[in-house]
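In: my questions concern the predicted model and sequence given below.
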Amino acid sequence: MVDKQLLFVTTLISTHYSGKVFCGSGFFFQKDFPEEEEDLLNNYWLVTNRHVLYARLESQQKKYLVDKLTFRVRAEKIATSKLTWIEVTLTKEELRQNAKVLPDIGIDIAVIDIREKVKEAIDKEKGIRVTLSPIKDSTLADKSSFPVEVCDDVMVIGYPGGYYDLTNLYPIVKNGTIASMWGADFRGSKCFAIDAKLFPGSSGSLVITKPRMEDLKDGKYLTWNTAKVFYCLGVYSGRPLFNGETFDLGLVWYYSLIPETIDKGIAPVDEYCY
């Protein structure tokens, strides 16, 4: 079922800087690899926004790499089948070593290699079953048999304001539509716009096509799947401001930037002007 898959692919992020706590969203990504090399945590990355890794002090025109970043991995207690969260924290030095961003500071995507940190956290726990269900290369939008177009329905999955279902550890899922030409660079940036009412803390949310049962075989024959399928469109970044208005629009960085950042990204700097 797609509901459970979406439950395990996202994570709440909290960051700390100079005594202040900030919240954001993220999701897990796993690059495809040969089957014989398959491993639970092989080639595992946390995807979020570049700006989630940074904090800004009031009245200053610089952003600073946070002191630490914490994300959560869902696990199931074997004895009770109850879901629990394992917290995983990276220090500033670990972010320097494991995070990647593209050289263009205007591209608001960051990826973090989390393999070793998650393994360390899991090894400390007893009587649990880790539940991870990442976005993979095969679920990126270019693999969809249906063309993606303006006005298509989308879903944005994250943690607005750090809010979520405390009982089931379920993220908040909001609906929207693609509001700009798909495949084009919106206002000159490698992103597109969606029509959706979103809130701070949603930064880094996963944006997907609306899950469906039907599919196209060989690009022309309609078939039905045993479970709903969806494709990753990109990473939600925030609301553009124009003459003091947001128009209920959100910016989403294209999915293709995720593997590009993994392959070509550089370590984040300690501070930069914006």
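Out: Yep, that arrived.
In: now do the contacts for Cys191.
Out: Asp108, Asp185, Gly234, Ser237, Leu251, Val252, Trp253, Tyr254 (C-beta atoms under 8 Å, 6 or more residues apart in numbering). No exception for glycine: its C-beta is placed from N, CA and C like everyone else's.
In: revised request: answer the last question for Trp182.
Out: Val148, Glu149, Val150, Asp152, Phe192.
In: among those residues, who's most crowded?
Out: When neighbours are counted by other C-beta atoms under 10 Å, Phe192 leads the contacts of Trp182 with 25 neighbours.
In: hang on, that one packs against Ala184?
Out: Yes: Phe192 lies in contact with Ala184 (C-beta atoms under 8 Å); the separation is 7.3 Å.
In: residues near the closest residue to Ile105 other than its chain neighbours, how many?
Out: Spatial nearest neighbour of Ile105, chain neighbours left out: Tyr272 (6.0 Å); criterion: C-beta to C-beta, 6 or more residues apart in numbering. Tyr272 has 13 neighbours, counted by other C-beta under 10 Å.
In: how near is Tyr272 to Gly106?
Out: In this view, Tyr272 and Gly106 are 11 Å apart by C-beta to C-beta, to the nearest Å.
In: check Cys23 too.
Out: 23 Å.
In: what does Ala99 give?
Out: For Ala99 relative to Gly106 (C-beta to C-beta), the value is 17 Å.
In: what about those two, which has more around it?
Out: Ranked by neighbour count (other C-beta under 10 Å), Ala99 and Gly106 place Ala99 first, with 25 against 11.
In: pretty sure the more buried one sits against Tyr54.
Out: No: counting by C-beta under 8 Å, Ala99 does not reach Tyr54; the two are 10.9 Å apart.
In: need the residues touching each of these two.
Out: By C-beta under 8 Å, 6+ apart, the residues touching both Ala99 and Tyr54 are Pro268.
In: can you show me the helices along the stretch 151-274 of the chain?
Out: Along the stretch 151-274 of the chain, counting by DSSP state H, counting those that start in this stretch, helices occupy 257-264.
In: cool, and the stretch 1-150 of the chain?
Out: When assigned using DSSP H, counting those that start in this stretch, the helices of the stretch 1-150 of the chain occupy the ranges 2-9, 92-98, 115-123.
In: mind putting those helices into JSON lines with mean neighbour count?
Out: Formatted as JSON lines, the helices of the stretch 1-150 of the chain follow (neighbours: other C-beta atoms under 10 Å):
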{"stretch": "helix 2-9", "mean neighbour count": "17"}
{"stretch": "helix 92-98", "mean neighbour count": "16"}
{"stretch": "helix 115-123", "mean neighbour count": "15"}
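In: tell me which of the ones you listed sits nearest to Thr261.
Out: helix 92-98 (12.8 Å; C-beta to C-beta).
In: for the closest one, list the C-alpha coordinates in CSV.
Out: Extracted in CSV, the C-alpha atoms of helix 92-98 (Å, rounded to 0.1, in the frame of the first residue of the first chain):
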residue,chain,number,x,y,z
LYS,A,92,28.5,20.6,12.5
GLU,A,93,31.7,18.8,11.7
GLU,A,94,29.8,15.7,10.6
LEU,A,95,27.7,17.9,8.3
ARG,A,96,30.8,19.3,6.8
GLN,A,97,32.0,15.7,6.1
ASN,A,98,28.7,14.1,5.0
